[in-house]
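K.L.:
following is a predicted model, sequence given first.
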Amino acid sequence: MVVVKDLKAPNLSWEAFLEFDKKIQGPEMKMLRNDKKYTKKDFERLELKPPRKIVGRETGYFFEANGYKLKVWTTILEDQQKPRDKGEDVGWVLIVKGDILIHCSKPFLRTSDEFFTRILKTAWISRYKILNIPLCRECKRKMEIIRNAKTNQTYFSCSNVEGHKEKKNIRESWDKPIEGKKLALEFIKDRRKQTANYKKRNKKLGIEPVSKRLTRKKWKIGRPENLKK
Ligand SMILES: [Zn+2]
């Protein structure tokens, strides 16, 4: 079981989802719909075992650029025209390279009417970032996206140390591509504030904060040697 504490009944109408679905596939985002987390080939290649019984097909979207794949999961079960039951799952925006997770947003709880809007904005920002990967400020090579799995922090890095004055990796902030993008930066700031408020509220209620990213049960990979990097 994923530890999810949705405190308020979400107001997520099917109409709101359809609006979101139209926008995320529309000309500005051009994300493709995908209702399978893994293909049959992935199952064979990695000998995958789901963490729990998977009921229904959840609607997701993806977009690829510069060797990175952006994935958006909504918890929406289209055949039932509703989100997965509360407590079972949350919304996620992820970036992977091959099979390796390199960016993971904070989970989207279905506690607000803005659930879809927040996912859409986060997806827009992540999409913009993988389309606009910065060049190294010293050697001008395209940087790589790196994730520190312990802290879940993502940043850009260039490891071409020979081309650098101090012979060290060069790092740039994860928000580098959206420098000067006022709306995007405001949204990120708001979301950080929401997270802080959520933590504060939980503390008041005596709820021990548990990172959903860490408590989330993962798929079992029987053949890790076949993971694509
Ligand atoms: Zn460089």
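P.N.:
Done, it's in.
K.L.:
and stretch 52-65, how far from the chain's centre?
P.N.:
12 Å (Cα atoms, centre = their mean, to the nearest Å).
K.L.:
okay, how far is it across it, tip to tip?
P.N.:
31 Å (Cα to Cα, to the nearest Å).
K.L.:
and the chain, which residues reach the ion?
P.N.:
Contacts of the chain with the ion, taken as Cβ under 5 Å from the ion, map to 136, 138-139, 141, 158, 160, 170. Where C-beta positions appear, they are placed from N, C-alpha and C, glycine not excepted.
K.L.:
repeat that for 6 Å
P.N.:
136, 138-139, 141, 158, 160, 163-164, 170 (Cβ under 6 Å from the ion).
K.L.:
okay, the residues you listed in JSON lines with secondary structure, pLDDT and neighbour count next?
P.N.:
Formatted as JSON lines, the residues of the chain next to the ion follow (DSSP: H, G, I helix; E, B strand; the rest coil; pLDDT from 0 to 100; neighbours: other Cβ atoms under 10 Å):
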{"residue": "Cys136", "secondary structure": "coil", "pLDDT": "98", "neighbour count": "21"}
{"residue": "Glu138", "secondary structure": "coil", "pLDDT": "97", "neighbour count": "15"}
{"residue": "Cys139", "secondary structure": "coil", "pLDDT": "97", "neighbour count": "15"}
{"residue": "Arg141", "secondary structure": "coil", "pLDDT": "97", "neighbour count": "13"}
{"residue": "Cys158", "secondary structure": "strand", "pLDDT": "98", "neighbour count": "24"}
{"residue": "Asn160", "secondary structure": "coil", "pLDDT": "97", "neighbour count": "15"}
{"residue": "Gly163", "secondary structure": "helix", "pLDDT": "96", "neighbour count": "14"}
{"residue": "His164", "secondary structure": "coil", "pLDDT": "97", "neighbour count": "16"}
{"residue": "Ile170", "secondary structure": "strand", "pLDDT": "97", "neighbour count": "21"}
